[in-house]
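>>> mind looking at a prediction? Sequence and model below.
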Amino acid sequence: MSSPREIEIREQLARSWLAVEPSVRAYVAAAIRSTADREDVLQQVALTVARRFEEYDEKRPFVGWVLWLAKSRIVDHYRSSQRQRLVLGPDVLDRLAESLAATHDDVSPRREALEECLATLTERSRALVRMRYHDGLAITAIAHGVRSTPGSVRVALFRIREALADCIGRRLAAGAGE
Amino acid sequence: MIDDDVKRAIDAWVDGDPSADDEQTLGRALAADPAAVGLLADRARLHALLRDAGGWHEPRQAPVVPRRAFGRKLAWGGAALIAGGAGLWLMLPPSADAGAVDAVQRALAASRPAEDRRYSVSVGPARQWRFAAAQRSAVPASTLWVRGSRFVQIALVAGRPVAWGRDATGAVWFAPSRDTAALFDATEVPEALAEVCDLRSLDLATLLETLLAEFDLQRFDGGDGHDLIRATPRAGVATAYGRVEIEIERESLVVRRAAVERSGGWRRGIVVTFTLEEIGVQGDGVYELAAHVDAGATVLGRESARGARGELLREHLQALRQPEGNR
């Protein structure tokens, strides 16, 4: 049976992880090419955080500590998969982690802005986003579904993400100015 | 100012779909331009948020609330919250949303148990369980054909098709390959197999009846000619489901998507999403084991060595169940 202290630690771990998970997911997405490998690495990071949680020094930001652990798992991943070249060098990984840690506190307003921006998309654009992110369909499958070509779908999704990024930036700036 | 080619390369990389040229462009830009690193971080964050938003996202719209509930809606307006558990979820007061009830009743009346329907089925965690989910293997998606209580489900496990189903007699079969299968009469289906069947199956009429009997319903204009119904269990009612979301095409009354959050035991927090792909006519044979194994295959039945069927299930079922993280 778990002691009250163990239960408390587990709850603290779960809360802390949920708070940083979007930043870790973003870090892994930025660093690893294959979407399937990203899930594996994210699992590894979660396991590492769980195993080493008692080492965490509460005086330091949790997100920075977790991204530091994530960097190690990413480098391990590239070492173990010899066919893949490390496109992002260690210094780039460090700068990415810094950038994500610096904007970590923006996640909630960013998420709210995204929801508002998604609502401004056309129905067709929303359908593409949904197929890509909700249904997890590959570009070729989406192209088949909407009777288009993979190239056209790639371009459309690129433009949608550009539009969403601009929209989010405007809304965050407007929020900061209030 | 970042070059468009670099933006495209970053976008393709984050989307998991870069060409060799994209990778070269990306590598050069990241080495030379600090702003490119910032853009990569920004786009990767967008990618991660889109994944989360995509889970249950529909365009933010006011729920369609009948006029008589309007006063209550205003009274609760200040308390409307966005809950993090599953993207946007407006916590509005429980109300008898006549439009929602009517839409579900009409979809129920229009559902025809004799039709064969094909769904893609995905099994995933509700977001609040993501940490547990991160500790476990991905569970394979599957394709479901269903007609009334009959169904056949096919999933790719490690690149090989695994099929299981229930035939017209109620017998349940499980075929991890085309040369081996286990067959159980309706009265002897082991719990583990019954759970997998139950988790991934969709008896549409039963689901809609349950929603009408045990859930508070809200209707949203989902755009694209469909109603979005969000259902939450009524307070104090024990149901097999947590939250449920269904999409009903207004014209045809076809339920084209159902996302069902399971509740209770190890399935708590699991969301099973059924997306309608086809309504058609299949022969009865598609629901029978014979269609999914080769002639001469070993079929383990009641007469087989004691424990042989259980051994086969133990070996293959785990990949299809939701795992330890949720138990």
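Perfect, thanks for sending it.
>>> mind listing what's buried in the lowest-mean-pLDDT helix or strand in chain A?
Here the helix or strand of chain A ranked lowest by mean pLDDT, DSSP states H and E is helix A:139-145, holding a mean of 80. By 16 or more other C-beta atoms under 10 Å in any protein chain shown, the buried positions in helix A:139-145 come out as A:Ile139, A:Ile142, A:Ala143. For every residue, glycine as well, the C-beta is placed using N, CA and C.
>>> from chain B, how far off is the spatially most central residue of chain A?
The C-alpha lying nearest the average C-alpha coordinate of chain A belongs to A:Ala26 (C-alpha atoms, centre = their mean; 2.3 Å). Counting by C-beta to the nearest C-beta, to the nearest Å, the separation of A:Ala26 from chain B is 4 Å.
>>> contacts only, for that residue.
A:Leu100, B:Ala41, B:Ala44, B:Arg45, B:His47, B:Ala48 (C-beta atoms under 8 Å, 6 or more residues apart in numbering or on different chains).
>>> and the residue nearest the centre of chain B?
Central residue of chain B (C-alpha atoms, centre = their mean): B:Thr273, at 1.4 Å.
>>> tell me what that one is bridged to.
Residues in a beta bridge with B:Thr273, per DSSP bridges, are B:Ser122, B:Ala259.
>>> and for B:Ile246?
Beta bridges link B:Ile246 to B:Ile229, B:Ala258, judged by DSSP bridges.
>>> quick check, it in contact with B:Leu253.
No: the criterion here is C-beta atoms under 8 Å, and B:Ile246 misses it with B:Leu253 at 11.6 Å.
>>> and these two? Which one has more around it.
For B:Ile246 versus B:Leu253, neighbours defined as other C-beta atoms under 10 Å in any protein chain shown are more numerous around B:Ile246 (25 against 17).
>>> let me know the secondary structure of A:Arg60.
Look at A:Arg60: counting by DSSP: H, G, I helix; E, B strand; the rest coil, its state is coil.
>>> what's the burial count for it?
For A:Arg60, using other C-beta under 10 Å, the count is 10.
>>> pLDDT score for it?
For A:Arg60, the pLDDT comes out at 89.
>>> could you do the one 3 residues further on as well?
The predicted structure scores A:Val63 at 93 on the pLDDT scale.
>>> can you tell me how far it is from A:Thr103?
A:Val63 sits 10 Å away from A:Thr103, going by C-beta to C-beta, to the nearest Å.
>>> same deal with B:Ala114?
Going from B:Ala114 to A:Thr103 by C-beta to C-beta gives 55 Å.
>>> on that earlier part again, tell me if the residue nearest to the centre of chain A really is in a helix.
Yes: assessed by three-state DSSP, A:Ala26 belongs to a helix.
>>> pull the most distant pair out of the contacts of A:Ala26.
A:Leu100 and B:His47 (12.2 Å; C-beta to C-beta).
>>> of these two, who's got more company?
Taking neighbours as other C-beta under 10 Å, A:Leu100 and B:His47 compare with A:Leu100 leading, 28 against 23.
>>> part of a helix, is that one?
Yes: assessed by three-state DSSP, A:Leu100 belongs to a helix.
>>> in contact with it, which residues?
Neighbours of A:Leu100 in contact, by C-beta under 8 Å, 6+ apart: A:Ser23, A:Ala26, A:Tyr27, A:Ala30, A:Val63, A:Leu67, B:Ala41, B:Ala44, B:Arg45.
>>> what strand or helix carries residue 7?
Assuming you mean chain A. A:Ile7 belongs to helix A:4-31 when assigned by DSSP states H and E.
>>> that answer is for a different chain, and I need it for chain B
helix B:4-14.
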